[in-house]
Structures are given as structure tokens and as C-alpha cells.
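**Student:** test case, fold it:
(chains A, B and C)
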Amino acid sequence: MVVWKKLITPVDATDKTPYQRSFYVEGGNFTYAGIVSTSIKSILKQMGLPADVVRKAAIVSYESEINIVSYAKKGVIKLTVDSQTIQIEAIDEGPGIPNIDLAMQEGYSTADQKIREMGFGAGMGLCNIKNYSDTFNISSEIGKGAFLKMIIDRH
Amino acid sequence: MKLREVKEILDAEVIIGEDKLDLEVKTAFGADLMSDVLAFAKAGSLLLTGLTNDQVIRTADILDIAAIIMVRGKRPASEAIVLAKGLKIPILTTKYILFETAGRLYAKGIVGCLEKVDNASGRN
Amino acid sequence: MNIETIIKELNLKLRSATGDLKKNISGGYTGDLLSDVMANSHEGDIWITRQVHQNIVAVASLKDHAGIILINSCEPAKDTLERAAQENIPIMVSDLSAFELSGKVYDLLAKKD
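**Tutor:** Next comes the predicted model:
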């Protein structure tokens, strides 16, 4: 943690170059589930972004991370911060989502017992992601994986 | 009320955070579903839960939860303790069930919290 | 303290009225993990949860709960209501959070017992 703390440059309204960073997420490994989102939250906090904006980004990142760990083989969470927005992309390699409309329905879940015992898999994750994003996009290819893009306005 | 009083009201044991007992808390959220906590719990609240795994601690960190109260005598595994220590999240454990834990704290003036999501109802 | 009184005192919405609304409530249990509720709740408890699927009725029926209160304005699923009617389990809805509703029910039970 100490290492990347030194690497962060605050992105303010005058910066032209967005801050970008990608994090690898391993599917099925609950031991480290959440570590990426903890890092993302710390990075955004250090940039001096407002607490409610950091909170929204941390929540959508965390739910996406849990989704990758729960359902995919592996994935990447990409954080981009520019002068106007925080963008979080969750790209995974896995079975994909057969019916997105159904998956977006609150309460619908294909989670197994293990995921449910962790306190997830109640069919609320994607709703949380949608509700806490200012812009939300989801797509999927069966047998390939899922792609989520969340944009949170900085103001 | 101070976390110290919460400890007394719940006859709780402090697992992590002996140095944080002067922390002031006003609100609490009780749940076993972390997505529910993520959807609704306010920063600075107590999190009352029957779960003890790493994800409870991650969730508390993401939301800036003041302290986790594990109910029904539940204790975190050693990995979770290491994680919570690193993230500086106090953990207390009480022998009471969630219902009674909530009842005792509510009677002493702790209030519930429902953080509303601003761009949606949060509940369809 | 029975279901009828608790509905009145806490302004609950009754969604499934089959079952004995005058049956005594002996305690409360708050929880969202079915296995936990199965293992640790007691007969005569009023169960407070945010789970809405039909399995909650099976748990409440097996454990002889006095009824189920859904929190945070969560509405029971359609098949939950059908099952509740068959199994005679009253289901109520509250707009309060689990913490606050538990606090109020705990207070009522302490007063009237």
C-alpha cells in the first residue's frame, strides 16, 4: 500500500491527462475480494475528491469486484479519473450474463450457497451499481464475459 | 454516545479498537446482507451483523463504518482480525442476538439510518 | 402482545392475513440468513428480515414463528404471498430499517410482557 501512495498525483480541474490504473481480479478467490476497491477508495480519497463521490465510486467498484470474484474466471477493474468524472470499468472473462434484464431485477440471483454466506448473492449488487452510478452501461457475451462501465460525476 | 457506552450496554468484548472507545456514534444499521449495508448504511454508523468474514470488514471500510458489532457471540477468524487491524476498524462482539442488540441500543437513543441514494430510490 | 397490536402500534401494512393474528408473540428475531434463522430463532418469535422470496415462509412455518415483518418497504414476492396463505403465516411490511423496527418491537415486547 505504501508503494502506490507515493505514486498518486492529484487530478484537479486543470489537469489535462486523466489518471489511469488497472487492477487484476482473480475469480473464485474470496480471500482478496475487496482489496481492489479498498485501494481505489484510498486513491480517490488522496486526490481530495468529495466524500460522497468517493463513497459512490467505492460502492460500485466493490460490488463489481464481488461480481467478478463470484461469477468469472478473472477480470480487470480499470479506474480512470479525469477533471469531470470517475470512470470504473469492470471487464471479466467468464460465462457472461444470459439475460441482462433479468439480472438487473432486484432479488434475482444465480449465486451459490458460498456466495450467499458471504452476505452477497441476494440479487442486489447490480441494482446498487446502477443506483450509485451517474451513468451505467452493461453488456455481455455468452461464454466470453461481462463488461460494466460506471461513470460518477465529480461534482 | 461513546463506543465505550455501546460496549457496556451490550456487555460486549472489544476484539479490536480498545484505543477507539471514545469514538462518538449516533446511528446504527443492522443487516446480514452486505449489499443492503452498501445500499443504505451511513458513514459513521455502527454495523450490527451476524456475519464475521472478510467481506464484512471490507464493506465497513468502503462505507467508513465507525465500528462493527458482531452479534450472537460471533468472533471473526484470524485473517479477518488482521484485515480489520490494518484498516483500523473497531470490532466488538456481544452475546445478544441482533434483535436484542438493536433493542438495547435503540432504547438508549441510538437511531437507525437509511442513506438515500440521490439519483434513484435505491429500492425498486 | 399479538400481531394485531403490533400492526396497530407500529403502523405496519398487512400483506398476508391468514394465520392467527391474535397469537401471542413471545420474542423477536432479526436476520437475513435463512440458515441462521433456522438454527437460532424460536417458536413464537416475530421474524424481522429484508428477504422477500418464498423460502422465508418455509422457515417461518418450520420454526412456528408468529409472523414475518419485512423491513425498509420491501414487498413480498408473489409466490411468497401464495405460500404464506397456504402455510398460515402472517406477513407485514414496515417502512423502517431493521435496526429501528427491531428497537420498536423490542420496546413493545418489554412493555407488554
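**Student:** could you look up the SS state of the residue positioned nearest the centre of chain C?
**Tutor:** When Cα atoms, centre = their mean is applied to chain C, the residue found nearest the centroid is C:I68 (1.7 Å). For C:I68, the assignment made with DSSP: H, G, I helix; E, B strand; the rest coil gives strand.
**Student:** please enumerate the helices of chain A.
**Tutor:** Taking DSSP state H as the criterion, chain A carries its helices at A:2-7, A:35-46, A:51-71, A:100-104, A:113-117, A:125-132.
**Student:** I should have written chain B there, sorry.
**Tutor:** B:3-9, B:34-40, B:54-62, B:78-87, B:98-107.
**Student:** would you reformat the ones you listed as JSON lines and include mean neighbour count, distance to chain A and mean pLDDT?
**Tutor:** Every residue, glycine included, has its C-beta placed from N, CA and C. JSON lines is the format used below for the helices of chain B (neighbours: other Cβ atoms under 10 Å in any protein chain shown; distance: least, Cβ to the nearest Cβ, whole Å; pLDDT from 0 to 100):
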{"stretch": "helix B:3-9", "mean neighbour count": "18", "distance to chain A": "21", "mean pLDDT": "98"}
{"stretch": "helix B:34-40", "mean neighbour count": "26", "distance to chain A": "4", "mean pLDDT": "94"}
{"stretch": "helix B:54-62", "mean neighbour count": "26", "distance to chain A": "3", "mean pLDDT": "96"}
{"stretch": "helix B:78-87", "mean neighbour count": "16", "distance to chain A": "7", "mean pLDDT": "95"}
{"stretch": "helix B:98-107", "mean neighbour count": "25", "distance to chain A": "13", "mean pLDDT": "98"}
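**Student:** residue of chain A nearest chain B, please.
**Tutor:** Per Cβ to the nearest Cβ, the residue of chain A with the smallest distance to chain B is A:G34, at 3.2 Å.
**Student:** identify the residues contacting the nearest residue to that residue once chain neighbours are set aside.
**Tutor:** Nearest residue to A:G34, sequence neighbours excluded (Cβ to Cβ, 6 or more residues apart in numbering or on different chains): B:R58, at 3.2 Å. Contacts here follow Cβ atoms under 8 Å, 6 or more residues apart in numbering or on different chains; on that basis B:R58 touches A:33-35, A:37-38, A:62, B:83.
**Student:** neighbours of residue 109, how many?
**Tutor:** Picked chain A for this. A:S109 has 20 neighbours, counted by other Cβ atoms under 10 Å in any protein chain shown.
**Student:** try chain C instead
**Tutor:** Per other Cβ under 10 Å, the neighbour tally for C:L109 reads 18.
**Student:** what sits against it?
**Tutor:** Contacts of C:L109 by Cβ under 8 Å, 6+ apart are C:1, C:25, C:27-28.
**Student:** so which of the residues you listed is the closest to A:I68?
**Tutor:** When the contacts of C:L109 are compared for distance to A:I68 (Cβ to Cβ), C:G28 wins out at 37.4 Å.
**Student:** now tell me which helix or strand of chain A has the poorest mean pLDDT.
**Tutor:** helix A:2-7 (a mean of 42; mean pLDDT, DSSP states H and E).
**Student:** ok so, going back, so the residue nearest to the centre of chain C versus C:S35, what's the distance?
**Tutor:** 16 Å (Cβ to Cβ, to the nearest Å).
**Student:** nearest to chain A: which residue in chain C?
**Tutor:** Closest point on chain C to chain A, by Cβ to the nearest Cβ, is C:V52, at 6.2 Å.
**Student:** just the pLDDT at the closest residue to C:I89 other than its chain neighbours, thanks.
**Tutor:** Setting aside the residues directly before and after it, C:I89 is nearest to C:A60 in space (Cβ to Cβ, 6+ apart), at 4.8 Å. pLDDT, C:A60: 96.
**Student:** could you check how far C:A60 is from C:C74?
**Tutor:** 15 Å.
**Student:** please say which of the two ends up with more neighbours.
**Tutor:** C:A60 (27 against 19).
**Student:** from what I can see that one touches C:G67, true?
**Tutor:** Yes - judged on Cβ atoms under 8 Å, C:A60 makes contact with C:G67 at a distance of 7.4 Å.
**Student:** hey, what's in contact with both of the two?
**Tutor:** C:47, C:89.
**Student:** now check the helix or strand of chain C with the lowest mean pLDDT, is it near chain B?
**Tutor:** Every helix and strand in chain C was compared by mean pLDDT, DSSP H and E; the lowest is helix C:34-40, with a mean of 91. Yes - legend: contact between helix C:34-40 and chain B by Cβ under 8 Å from any Cβ of the partner chain is shown at C:36, C:40.
**Student:** now swap in stretch A:107-121 and tell me
**Tutor:** Yes - if you take Cβ under 8 Å from any Cβ as the test, stretch A:107-121 does meet chain B, through A:117-120.
**Student:** tell me the contacts of the spatially most central residue of chain B?
**Tutor:** Nearest residue to the geometric centre of chain B (Cα atoms, centre = their mean): B:L47, 1.9 Å. Taking Cβ under 8 Å, 6+ apart, we find B:L47 in contact with B:28-31, B:37, B:41, B:56, B:59-60, B:65, B:67-69.
**Student:** cool, thanks, signing off.
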